[in-house]
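In: build me a model from this:
(4 chains)
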Protein chains: 4
Amino acid sequence: MVTGRNEDLTRRIRLGMVGGGNDAFIGGVHRIASRIDDHFELVAGALSSTPEKSRASGEALGLPRIYDDFKQMAIREARRKDGIEAVSIVTPNHVHYAAAREFLKRGIHVICDKPLTSTLADAKKMVKAVENSDALFVLTHNYTGYPMVRQAREMVAAGDLGKIRVVQVEYPQDWLTIEQDFKQANWRTDPAQSGAGGSTGDIGTHAYNLACFITGLEAEELAADLAAFVSGRQLDDNAHVMLRFKGGAKGMLWSSQVAPGNENALRIRVYGEKGGLEWAQEDPNYLWHSPFGEPKRLITRGGAGVGDAAARMSRIPPGHPEGYLEGFANIYSEAASAIRAHRAGQDNPPDVVFPTVADGLKGVQFVDACVRSSGRNAAWVKL
Amino acid sequence: MVTGRNEDLTRRIRLGMVGGGNDAFIGGVHRIASRIDDHFELVAGALSSTPEKSRASGEALGLPRIYDDFKQMAIREARRKDGIEAVSIVTPNHVHYAAAREFLKRGIHVICDKPLTSTLADAKKMVKAVENSDALFVLTHNYTGYPMVRQAREMVAAGDLGKIRVVQVEYPQDWLTIEQDFKQANWRTDPAQSGAGGSTGDIGTHAYNLACFITGLEAEELAADLAAFVSGRQLDDNAHVMLRFKGGAKGMLWSSQVAPGNENALRIRVYGEKGGLEWAQEDPNYLWHSPFGEPKRLITRGGAGVGDAAARMSRIPPGHPEGYLEGFANIYSEAASAIRAHRAGQDNPPDVVFPTVADGLKGVQFVDACVRSSGRNAAWVKL
Amino acid sequence: MVTGRNEDLTRRIRLGMVGGGNDAFIGGVHRIASRIDDHFELVAGALSSTPEKSRASGEALGLPRIYDDFKQMAIREARRKDGIEAVSIVTPNHVHYAAAREFLKRGIHVICDKPLTSTLADAKKMVKAVENSDALFVLTHNYTGYPMVRQAREMVAAGDLGKIRVVQVEYPQDWLTIEQDFKQANWRTDPAQSGAGGSTGDIGTHAYNLACFITGLEAEELAADLAAFVSGRQLDDNAHVMLRFKGGAKGMLWSSQVAPGNENALRIRVYGEKGGLEWAQEDPNYLWHSPFGEPKRLITRGGAGVGDAAARMSRIPPGHPEGYLEGFANIYSEAASAIRAHRAGQDNPPDVVFPTVADGLKGVQFVDACVRSSGRNAAWVKL
Amino acid sequence: MVTGRNEDLTRRIRLGMVGGGNDAFIGGVHRIASRIDDHFELVAGALSSTPEKSRASGEALGLPRIYDDFKQMAIREARRKDGIEAVSIVTPNHVHYAAAREFLKRGIHVICDKPLTSTLADAKKMVKAVENSDALFVLTHNYTGYPMVRQAREMVAAGDLGKIRVVQVEYPQDWLTIEQDFKQANWRTDPAQSGAGGSTGDIGTHAYNLACFITGLEAEELAADLAAFVSGRQLDDNAHVMLRFKGGAKGMLWSSQVAPGNENALRIRVYGEKGGLEWAQEDPNYLWHSPFGEPKRLITRGGAGVGDAAARMSRIPPGHPEGYLEGFANIYSEAASAIRAHRAGQDNPPDVVFPTVADGLKGVQFVDACVRSSGRNAAWVKL
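Out: A predicted model of the protein is given here:
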């Protein structure tokens, strides 16, 4: 019998978590995502802003170290020899900056849920905090972790579509079609916790990020017509947005939480001078490629015609569907690669790609621009 | 042996045609559509503005009476005892009004292709001409003839979706992705023949009409961002439009002729307080209905749960797909019912529905508004 | 004004019909199919075995000449100078032979619905009757008229799939899931009218014919397990069949009329050494082609990559769906081409393809073999 | 700071692994599956029959304890106070029994890949070994772990489909369309390692198991026509099977590894007197339900209309796709629940369901019956 533990190379990264208590959705997702490829070990948490809830949640998870609040956790973990090396921040939006700051300034890497912050002011402070820290900052725009999204991005970059002309992205859901009263709904419809954007912040930022990620384009200006269809709702639950990108491409973005029949229907279509691409989150293992003048092709995760960018994000053969959690895990695995390179004093490997604080700032600017534009009757505003 | 010819009731309607010569697409469609349900007999034509072509095309079709131009045809047919009772006008847009006028003023019913006219001025004249005529005017917004479009309209009217909030309609094609040089492409990209709208006129009007037809809503204002992506093209080949309807519903409309992989992908989604509907022209025998809080249902043409409005537009059992030509034929059959009622001095039967000159005017106003809005940087303009 | 009537070349073919009265499904289909491309004119009929019904149906259609029975019609029409040149036989199966014989022996071309006959003895007599006649015989295995079926056949013949190994064909419906009592159901479940096969005769023959048509293979033997699931039903309503083709390919065929959720779900998949094809009747404008080791391609009717065999069967551009009636009309148009060549004393043009009496005999042999095999506990029997 | 480690209740189950070295597919799947819900910790392994490979693979994984062979591992781990409580056996089929026996007789729970064994003799010995052990035995027929498979099973059991009549199950792949030469292909096409079944053993057993699992039916006899299409192949690469179930239902099963365009296309359709169900592994979050006489419904994982059996197998909201690994993890989580109940001296909770050694025996009997039947020209043989 021998032992395979290789401390330097393969040791799991010690991870903490802020937020993500019992009744949260996204906290559980982060925990599974961190485990799938076995790069992380969750060892500490401040899982709720209510200490009792934090304790109860931590005990249910069997966490070695449970804290009453994130600041206490940051301080104490930073002092331990076996303290956390990274922290996942999965609170409501308005807490992101305050929490991240405590870890960044102590050199603990931050993996933060989106949107970056609830306000543009906080977003800018977050950028500063990252710049002033040696630690890494990873934003979980998880949809960029899907292999076929990587494939799409690689194809656009390789020129397979020619110059991009049109980008149609949409993210409809239906869960807020009627008034809801539970934790997930409440904070997402509360400006104090979510920020100025409703559907724009919660899902529109994903759509916007995906469009930019795949096309490599930067939006220049937008015109947005926001609506809150459900009586009494303070934040938009439906957003119609027209986009203009640098270089002349144009786009439409639709986010909605009041579209019955749509569960989580993020979908993007990109059209260039030479061809088109189409990808849908609810059927994520497939990418349609339509070279102009040829039959459409269905590229599959792991199948023929898949390039390196997708292949390195995939675990199992084609026809064995990977899903949302695997896509999310890919962000964690990219983070792990970056953290390991950082441990070794190396640069981030060139093929390791993850959403950054800069992407997060763009997302908050997107929400801000949507709100500004809509307030001026959908006039064009710069991003 | 007996004979079943019942002159009064079942006699076919004598039909003429203006435009639709050999190299035209839509003329052939009208001819097949007029034959499918055996209500019409094509007996005369002025199939081209070039007399030689008109003759050659008419001879190839074996037409009993071939004319050099539509005016001559209108005059002579009006004089004949067995002259045409109706005429199909399938020319490029700029000829619609001039041709229709000649027949309307002689009491010959007009079945006219869309868009109504190439200019708003002509459209208003067309309305007058129809008002001043005893003859009927039918506009072939053929997509309103699909049974499942009728089903959708009936369900919205019955309140199955509750109050409508959001309408997403799109009509992408790809055939003008590159510069094309053939008859179909040339007139559609020529302002003198098509009018001020490119994709907006050719297909955007269909999308707009469909949205209004299904929802029963009237658009109040729009903001449009038009583009001509192909170098040298004078008319829009891509249009991004935001819509606001009377009563508060909002919508997006996208028309494009530069979206590779899209053949004729007209598609509409309608969302209300109680549910959603989705229909796609390329898969026309199916309608998705998503009652909020229940599983999605796939309603099929002729299948369980189909109402009267769709059933009367359908010929064969479910699972035996009807297509574009049958949908088009339904407009002709509605026209035949209306013409037969007119023959008998009766009102149009209440269940007989077809697009009218008023719908046509709205379509031209839509194009006009798109062009005006886009010229003012996508400002909101009234419809 | 000139006239385009060209008697010799373009004159419509005078058509009669046997069967297809008011409450029939397939008669109406034949009538529409005969009109779509304007090659035929229906001028005579014996639309029911009950003279009163025949008259009422004929009068409703406005038929010039209505007969009390098919024999009378054959005799009289053969004597007229303007008598019918072809007849469509759309009765229940057991009448096919008796009716066809009368017309064939008088030189009137026969367009006959499938299956060829209700008994193998009749089928063999039909073959003789065709051999002894100068007239043409066309069997409406209409699914062979779909453009993408032609495309599939052309690709297999061209070797695009390599040597064929596996053929999976199925034709499930659900309308006989419960006991039904109306004309369409009654004769199809009555051995005296349908013959020995239930689902095997009504739809299994279509599936079998389609498999042979596309692959060009001939079945050598089969093993069939038939069932009548609905209590009291005399004929099979579900058939499980294994096939062995000459040359070593193997197949499965499933026909069912008791499979809830299946309207008319004829579907075929063919696999060879180099690739696979898949086509579904309910989505007939598309053909999947899977070259081994490359991404799947979606070939569309009229789109890129479509060959001549499909192109000549198609009327309108891709994205404008053609359906069941157009596929059926293609058989009529092939028949018209053959009849016109016959008129002119020419051979059938080589690209004109339609199901023949030989195909019909094979279908009846298929039913016979299924019944024989099932009676011997699904032993293999020769075809 | 407190600690949440609750040794008795939440402590992870210590897991070992036999097989699953570097170049294996299924070993990696088992490892991820064991981690997703955090019930297991992999602490020991004999990952290859070649000691050097076992060591290299174990070191790459950072395993605490690496053994040269499974017997050594079973002996030593059984002696340790912190030894493994369960072992995953993921070797080629012919090793399953020999390995499982060593652990079972020492009271270590076994989680074994399918098929149960390579021979029927071994399968019967495995049943005995399980009967003689206090330890649990879980067979990873992982497709039974998909939530919508559980939903289907629950609906059938509840009588939603009425009495079952027809079961159509298929499992086509394409990876063996041509001769392959790599580890995964080699052992699966080698009778000494795989047993007498090729596609029947590797994937046919999954299809058969799924059919029985969902319907609750037991097959009585089958008729199988096996083929090895690729020259020189010793085991079937295509199997056509007809099934008869106790109680009168009938079925077809198709497994193939030579069907180009099929990646891993396991699919099942079940039809009863009152309705039908359809599920496809490549789109696993959806289940079609067709109540006879009503529109089809699309039931989604986590959506409206989902029952308890599916809900307890699901982690994230509808529209966030779960895939193959989550379905596999569900088997591990069921195993964990059973092992924890066993730890506590309790019976297996009634809602905890996993494939057993009895199911495994049935699978081997299925392969055996297929081979026997095919050897007798597809005669019916008892199961």
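In: just the strands from the stretch 151-300 of chain A, written as ranges.
Out: Counting by DSSP state E, counting those that start in this stretch, the stretch 151-300 of chain A has strands at residues A:164-172, A:219-227, A:238-245, A:250-256, A:267-272, A:275-280, A:286-291, A:296-300.
In: which one, of those strands, ends up nearest to chain D?
Out: Across the strands of the stretch 151-300 of chain A, chain D has its closest neighbour in strand A:296-300 (6.4 Å, C-beta to the nearest C-beta). In short, each C-beta sits where N, CA and C put it, glycine included.
In: that closest one pairs with which strands?
Out: In the sheet, strand A:296-300 lines up against strand A:286-291 (antiparallel), strand C:296-300 (antiparallel) (DSSP bridges).
In: could I get those as JSON lines with mean pLDDT?
Out: What follows is the strands paired with strand A:296-300, written out as JSON lines (pLDDT from 0 to 100):
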{"stretch": "strand A:286-291", "mean pLDDT": "98"}
{"stretch": "strand C:296-300", "mean pLDDT": "98"}
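In: of all the ones you listed, which one is nearest A:Ile36?
Out: Set against A:Ile36 and scored by C-beta to C-beta, those come closest in strand A:286-291, at 21.1 Å.
In: so how far is that closest one off the chain centroid?
Out: Chain-centre distance of strand A:286-291: 24 Å, with C-alpha atoms, centre = their mean, to the nearest Å.
In: got it, and stretch A:193-200?
Out: Put simply, stretch A:193-200 sits 15 Å off its chain's centre (C-alpha atoms, centre = their mean).
In: same deal with stretch A:376-383?
Out: Put simply, stretch A:376-383 sits 25 Å off its chain's centre (C-alpha atoms, centre = their mean).
In: list the contacts for the closest residue to A:Thr144 other than its chain neighbours?
Out: Closest residue to A:Thr144 apart from its sequence neighbours, by C-beta to C-beta, 6 or more residues apart in numbering or on different chains: A:Phe213 at 4.9 Å. Counting by C-beta atoms under 8 Å, 6 or more residues apart in numbering or on different chains, A:Phe213 touches A:141, A:144, A:149, A:153, A:355, A:359.
In: and A:Phe213, what pLDDT?
Out: Looking at A:Phe213, its pLDDT is 98.
In: do the one 5 residues further on as well
Out: Reading off the confidence values, A:Glu218 has pLDDT 97.
In: for chain B, see how far away it is.
Out: According to C-beta to the nearest C-beta, to the nearest Å, A:Glu218 and chain B sit 18 Å apart.
In: then A:Ile84?
Out: To chain B, A:Ile84 is 42 Å away according to C-beta to the nearest C-beta.
In: equivalent analysis for A:Leu15, please.
Out: As for A:Leu15, its distance to chain B is 38 Å (criterion: C-beta to the nearest C-beta).
In: give me phi/psi at the closest residue to that residue other than its chain neighbours?
Out: Sequence neighbours aside, A:Phe40 is the residue nearest to A:Leu15 in space, at 4.4 Å (criterion: C-beta to C-beta, 6+ apart). The phi/psi pair for A:Phe40 (degrees, to the nearest 10) reads phi -130, psi 160.
In: ditto for A:Gln257
Out: With angles defined as degrees, to the nearest 10, A:Gln257 sits at phi -120, psi 10.
In: please apply the same query to the one 5 residues further on.
Out: Note on A:Asn262: backbone dihedrals following degrees, to the nearest 10 are phi -100, psi 120.
In: contact residues of the stretch 101-250 of chain A facing chain D?
Out: With C-beta under 8 Å from any C-beta of the partner chain as the criterion, the stretch 101-250 of chain A meets chain D at residues A:Gln173.
In: mind checking how far the closest residue to chain D within the stretch 101-250 of chain A is from A:Trp254?
Out: Here the stretch 101-250 of chain A gets closest to chain D at one residue, A:Gln173, 7.2 Å apart by C-beta to the nearest C-beta. Distance of A:Gln173 to A:Trp254, given as C-beta to C-beta, to the nearest Å: 11 Å.
In: quick one on the thing from earlier: next one: the residue nearest to A:Thr144 from A:Arg153, what distance?
Out: The spacing between A:Phe213 and A:Arg153, counted by C-beta to C-beta, is 6 Å.
In: ok, now A:Ala310?
Out: Here A:Ala310 is placed at a distance of 9 Å from A:Arg153 (C-beta to C-beta).
In: these two: which has the busier surroundings?
Out: Per other C-beta atoms under 10 Å in any protein chain shown, whichever of A:Ala310 and A:Arg153 has more neighbours is A:Ala310, with 25 against 22.
In: hang on, the more buried one packs against A:Met148?
Out: Yes: using C-beta atoms under 8 Å, A:Ala310 makes contact with A:Met148 at a distance of 6.2 Å.
In: give me the common contacts of these two.
Out: A:Arg301.
In: coming back round to it: now the strands of the stretch 151-300 of chain A in a markdown table, with mean neighbour count?
Out: Shown next, in a markdown table, are the strands of the stretch 151-300 of chain A (neighbours: other C-beta atoms under 10 Å in any protein chain shown):
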| stretch | mean neighbour count |
| --- | --- |
| strand A:164-172 | 26 |
| strand A:219-227 | 23 |
| strand A:238-245 | 26 |
| strand A:250-256 | 26 |
| strand A:267-272 | 26 |
| strand A:275-280 | 23 |
| strand A:286-291 | 22 |
| strand A:296-300 | 22 |
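In: the nearest residue to A:Arg153 once chain neighbours are set aside: neighbour count?
Out: Residue nearest to A:Arg153 in three dimensions, not counting chain neighbours: A:Ile214, with 4.9 Å by C-beta to C-beta, 6+ apart. A:Ile214 has 26 neighbouring residues, counting by other C-beta under 10 Å.
In: A:Ile214 and A:Val270, how far apart?
Out: A:Ile214 is 6 Å from A:Val270, where distance means C-beta to C-beta.
In: hey, what's in contact with both of those two?
Out: By C-beta under 8 Å, 6+ apart, the residues touching both A:Ile214 and A:Val270 are A:152, A:156, A:277.
In: report the contact partners of the second one.
Out: In this structure, A:Val156 makes contact with A:164, A:214-216, A:270, A:272, A:277, judged by C-beta under 8 Å, 6+ apart.
In: try 7 Å
Out: Residues near A:Val156 by C-beta atoms under 7 Å, 6 or more residues apart in numbering or on different chains: A:164, A:214-216, A:270.
In: tell me which two of those sit farthest apart.
Out: A:Gly216 and A:Val270 (10.4 Å).
In: per-residue confidence at the most centrally placed residue in chain A?
Out: Of all residues in chain A, the one closest to the mean position by C-alpha atoms, centre = their mean is A:His141, 1.4 Å from it. We have a pLDDT of 97 for A:His141.
In: likewise for A:Leu9?
Out: 53.
In: and the helices in the stretch 251-383 of chain A?
Out: A:308-311, A:324-343, A:357-375 (DSSP state H, counting those that start in this stretch).
In: centre of the chain to the first one, how far?
Out: Right, helix A:308-311. Mean-position distance between helix A:308-311 and its chain equals 19 Å (C-alpha atoms, centre = their mean).
In: so who does A:Met73 touch?
Out: Here A:Met73 is in contact with A:16, A:44, A:46, A:67 (C-beta under 7 Å, 6+ apart).
In: which of the residues you listed has the largest number of neighbours?
Out: Going by other C-beta under 10 Å, A:Ala46 tops the contacts of A:Met73 with 31 neighbours.
In: let me see the contact set for that residue.
Out: So A:Ala46 contacts A:18, A:54, A:67-70, A:73 (C-beta under 7 Å, 6+ apart).
In: mind checking how far it is from A:Gly19?
Out: 8 Å.
In: same deal with A:Val29?
Out: 12 Å.
In: just A:Met126 next, same as before
Out: According to C-beta to C-beta, A:Met126 stands 16 Å off from A:Gly19.
In: isn't A:Gln184 right up against A:Asp23?
Out: No: using C-beta atoms under 7 Å, A:Gln184 makes no contact with A:Asp23, being 8.1 Å away.
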